[in-house]
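Visitor: got a structure for you, letters missing:
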Ligand code: BES
Ligand code: ZN
Ligand code: ZN
């Protein structure tokens with residue numbers, strides 16, 4: 001898709017269809033809609049007065065403009081409800097853009113103009129939100145369909161912000177493209193069936209993006225994972241015929257060669273279970289096919305690193321992705337087995353289906369070994385988080401309240417919601433083992449919290465936050481602004497987090513500043 005921006009008049013946009021945001025209960029006789037209505041020969045007023053469209057989020061009305069040529073160059077007008085004007089921010093612009101391009105593609109429109117109408121806002125932010133929303137809106141998880149596949153494409157997108165600075169618009173649009181495509185990269189990996197997304201293939205994809213965008217990468221194979229003593233990670237891989245991989249991606253700002261002692265170093269760590277059968281504690285077959293997305297945390301790290309390599313923030317970022325299948329076999333770890341993590345801690349494996357925390361234990365420890373001072377891990381870790389928070393909020397827990405607050409705020413700005421769960425030390429009692437240091441499950445109560453309490457045992461001495469994306473990484477239903485299936489959740493939040501941290505580092509005079 002070709003992406004353009006315009007600071008000119010909406011009426012002049014050279015596209016087949018123009019999509020315009022309309023606020024809840026907005027009237028056609030004042031402000032922007034008055035101009036639009038005049039140019040559209042009274043059609044907008046007719047639609048609003050008949051209450052065909054009330055401006056509720058996601059509502060659309062598709063209008064054919066006069067063929068004899070009215071005041072608008074476009075042939076079609078799509079009105080898109082965006083809800084309350086007072087709540088309209090970049091996050092809603094992104095949803096507006098997604099809903100607009102999806103509605104127009106379904107009508108075979110090839111060239112689209114977007115009029116996001118976030119008046120008074122930073123033009124780069126508006127352009128970025130519009131483009132990322134449109135790029136993500138057009139993603140379809142139908143790669144393996146040969147019939148009824150979505151073959152139509154929006155070929156050209158023009159973001160129209162009248163009177164805006166052209167340079168800011170172009171910069172924003174470019175950022176939006178990078179962010180949207182990187183979130184779609186994550187979604188594409190998450191959507192792949194287990195047979196096509198083994199640890200080896202995932203590592204090849206990581207290698208591919210590192211080559212394409214210029215990142216340093218190290219993929220640890222089984223012998224090196226053994227050398228590092230990652231017994232918790234290996235205990236999960238044991239049952240599988242597919243060898244495990246630990247992907248390590250490093251982004252360094254231009255001119256920086258390494259991390260100095262005591263320097264702030266952010267690491268993103270993501271669970272990469274390419275298929276979770278549960279292992280010997282095997283899962284019921286109902287919905288087990290969905291366990292192909294149990295590597296979404298890892299795919300999220302790869303998506304973020306892909307964007308970071310292009311956006312080039314002034315702070316270094318480390319990405320660590322342990323990848324393995326979780327399979328039952330004659331070689332698989334059995335309930336009751338005791339394994340030794342990289343840190344030397346011993347773990348009694350009560351349930352082989354609680355495998356995510358085992359691989360994250362060694363991955364977090366490895367990030368620490370590589371010098372990370374702040375770690376954000378992300379994982380489709382517990383079914384319990386969907387019971388608690390559904391598909392609306394991602395669960396967040398951790399040991400550094402400032403870090404947690406910063407992730408939550410970064411998410412709020414891009415329209416991704418996080419809800420913190422408590423992590424009091426009392427919960428750690430639930431994972432005490434009779435025969436080893438800790439056990440990998442903590443009973444039925446507070447499943448999301450005890451899973452985090454387990455990872456916390458490997459995150460001492462660093463600032464740490466954990467995102468449980470099990471409920472939010474997969475959308476069971478389509479939304480007006482996106483297809484059903486993998487959502488790409490947290491990619492945009494983490495990129496915003498990194499950019500916010502970069503701005504703070506700049507204010508403090510270099511990356512070694514504020515923690
Ligand atoms: N991958 C699952 C969690 C999951 C469930 C993700 C549903 C997405 C949708 C994880 O490895 C798992 O099986 N967790 C168990 C833990 C239990 C055995 C303590 C769970 O949540 O049931
Ligand atoms: Zn599991
Ligand atoms: Zn799992």
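Guide: Good, I have the coordinates. The structure displayed is predicted, hence computed values, not measured ones. Ligands and ions are numbered 1, 2, ... in the order given.
Visitor: phi first, then psi, for the residue in the stretch 251-400 of the chain that ligand 2 sits nearest to.
Guide: Per CB to the ion, residue 353 is where the stretch 251-400 of the chain lies closest to ligand 2, at 3.8 Å. Heads up, the C-betas are built off the backbone N, CA and C, glycines and all. Backbone geometry at residue 353, expressed as degrees, to the nearest 10, gives phi -80, psi -10.
Visitor: pLDDT wise, what is the nearest residue to it once chain neighbours are set aside at?
Guide: Leaving aside its sequence neighbours, residue 353 sits nearest to residue 278 (CB to CB, 6 or more residues apart in numbering; 3.8 Å). The score at residue 278 is 98. That number is its pLDDT.
Visitor: before we move on, the earlier item: neighbours around the residue of the stretch 251-400 of the chain closest to ligand 2, how many?
Guide: Residues near residue 353, counting by other CB atoms under 10 Å, number 20.
Visitor: now swap in residue 144 and tell me
Guide: By other CB under 10 Å, the residues close to residue 144 number 10.
Visitor: any idea how many residues pack against the residue nearest to it when sequence neighbours are not counted?
Guide: Nearest residue to residue 144 in three dimensions, chain neighbours excluded: residue 193, at 7.9 Å (CB to CB, 6+ apart). By other CB under 10 Å, the residues close to residue 193 number 12.
Visitor: any figure for the gap between residue 193 and ligand 2?
Guide: Remark: distance between residue 193 and ligand 2 (CB to the ion, to the nearest Å) = 18 Å.
Visitor: that residue touches residue 293, doesn't it?
Guide: No: Residue 193 sits out of contact with residue 293 when judged by CB atoms under 8 Å, with a separation of 10.3 Å.
Visitor: for the residue nearest to residue 13 when sequence neighbours are not counted, helix, strand, or coil?
Guide: Using CB to CB, 6+ apart and skipping the chain neighbours, the partner closest in space to residue 13 is residue 113 (3.9 Å). On the three-state scheme (DSSP: H, G, I helix; E, B strand; the rest coil), residue 113 is labelled strand.
Visitor: which residues touch residue 113?
Guide: By CB atoms under 8 Å, 6 or more residues apart in numbering, the residues touching residue 113 are 6, 10, 13, 15, 17, 18, 19, 74, 157, 158, 159, 160.
Visitor: mind doing that once more with 10 Å?
Guide: Applying CB atoms under 10 Å, 6 or more residues apart in numbering, we find residue 113 in contact with 4, 6, 10, 12-20, 72-74, 77-78, 100, 104, 156-160.
Visitor: before we move on, what about residue 183?
Guide: Residue 183 is in contact with 132, 135-136, 139, 300, 303-304, 306-307, 486-492, 495, counting by CB under 10 Å, 6+ apart.
Visitor: please redo it, this time with the cut-off set to 7 Å
Guide: Applying CB atoms under 7 Å, 6 or more residues apart in numbering to residue 183 gives the contacts 136, 303, 488, 491, 492.
Visitor: give me the element it is part of.
Guide: Assigned by DSSP states H and E, residue 183 falls within helix 166-191.
Visitor: now that helix: mean pLDDT?
Guide: What helix 166-191 shows for mean pLDDT is 98.
Visitor: just the pLDDT for residue 69.
Guide: For residue 69, the model assigns a pLDDT of 65.
Visitor: other residues contacting stretch 219-236?
Guide: The contact list for stretch 219-236 (CB under 7 Å, 6+ apart) reads 203, 206-207, 243-247, 322, 324, 326, 333, 337, 339-342, 347, 349, 355, 358-359, 361-362, 366.
Visitor: what's the closest non-adjacent residue to the closest residue to ligand 1 within the stretch 401-515 of the chain?
Guide: Among the residues of the stretch 401-515 of the chain, residue 470 lies nearest to ligand 1; the distance is 3.7 Å by CB to the nearest ligand atom. Spatial nearest neighbour of residue 470, chain neighbours left out: residue 380 (4.2 Å); criterion: CB to CB, 6+ apart.
Visitor: and that neighbour, how far is that from residue 10?
Guide: As judged by CB to CB, to the nearest Å, residue 380 and residue 10 stand 42 Å apart.
Visitor: among those two, which residue is more densely surrounded?
Guide: The residue with more neighbours, out of residue 380 and residue 10, is residue 380; 29 against 24, by other CB under 10 Å.
Visitor: thinking again about what came up before, which SSE is immediately downstream of the helix holding residue 183?
Guide: Next element after helix 166-191 (DSSP H and E): helix 199-213.
Visitor: avg pLDDT for whichever helix or strand comes after that following helix?
Guide: The helix or strand immediately downstream of helix 199-213 is strand 216-220, counting by DSSP H and E. The pLDDT scores in strand 216-220 average 99.
Visitor: show me which positions of strand 216-220 end up buried.
Guide: For strand 216-220, burial by neighbour count (16 or more other CB atoms under 10 Å) applies to 217, 219, 220.
Visitor: of those residues, closest to residue 450?
Guide: Set against residue 450, the nearest of the buried residues of strand 216-220 by CB to CB is residue 220 (28.4 Å).
Visitor: ok, the closest one to residue 317 distance?
Guide: Separation of residue 220 from residue 317 (CB to CB) stands at 19 Å.
Visitor: residues making contact with the helix or strand harbouring residue 407?
Guide: Per DSSP H and E, residue 407 falls inside helix 401-414. Here helix 401-414 makes contact (CB under 7 Å, 6+ apart) with 90-91, 374, 376, 396, 398, 417-418, 420, 463, 465, 492-493, 496-497, 500.
Visitor: circling back to that earlier point, so what's the residue count around the residue of the stretch 401-515 of the chain closest to ligand 1?
Guide: Neighbours of residue 470 using other CB under 10 Å come to 27.
Visitor: average pLDDT for stretch 411-423?
Guide: Across stretch 411-423, the average pLDDT comes to 98.
Visitor: what of stretch 143-156?
Guide: Stretch 143-156 comes out at a mean pLDDT of 96.
Visitor: likewise stretch 459-474?
Guide: On average, the pLDDT along stretch 459-474 is 98.
Visitor: please see if it touches ligand 3.
Guide: No: Stretch 459-474 lies out of reach of ligand 3 by CB under 5 Å from the ion, never closer than 8.2 Å.
Visitor: ok now that stretch, how far from the chain's centre?
Guide: 13 Å (CA atoms, centre = their mean, to the nearest Å).
Visitor: span of that stretch from start to end?
Guide: 27 Å (CA to CA, to the nearest Å).
Visitor: quick one: buried residues of that stretch?
Guide: By 16+ other CB under 10 Å, the buried positions in stretch 459-474 come out as 459, 462-474.
Visitor: before we go further, residue 357 is sitting in a helix, right?
Guide: Yes: counting by three-state DSSP, residue 357 falls inside a helix.
Visitor: ok, it - how many residues close by?
Guide: Neighbour number of residue 357 under other CB under 10 Å is 29.
Visitor: how near is it to residue 287?
Guide: For residue 357, the distance to residue 287 equals 21 Å [CB to CB].
Visitor: same thing with residue 160?
Guide: Shown here: residue 160 relative to residue 287, a distance of 43 Å by CB to CB.
Visitor: ditto for residue 168
Guide: Distance from residue 168 to residue 287, by CB to CB: 46 Å.
Visitor: so how far is the longest strand anywhere in the chain off the chain centroid?
Guide: Longest strand of the chain, by residue count under DSSP state E: strand 317-326. In terms of CA atoms, centre = their mean, the centre of strand 317-326 is set 16 Å apart from its chain centre.
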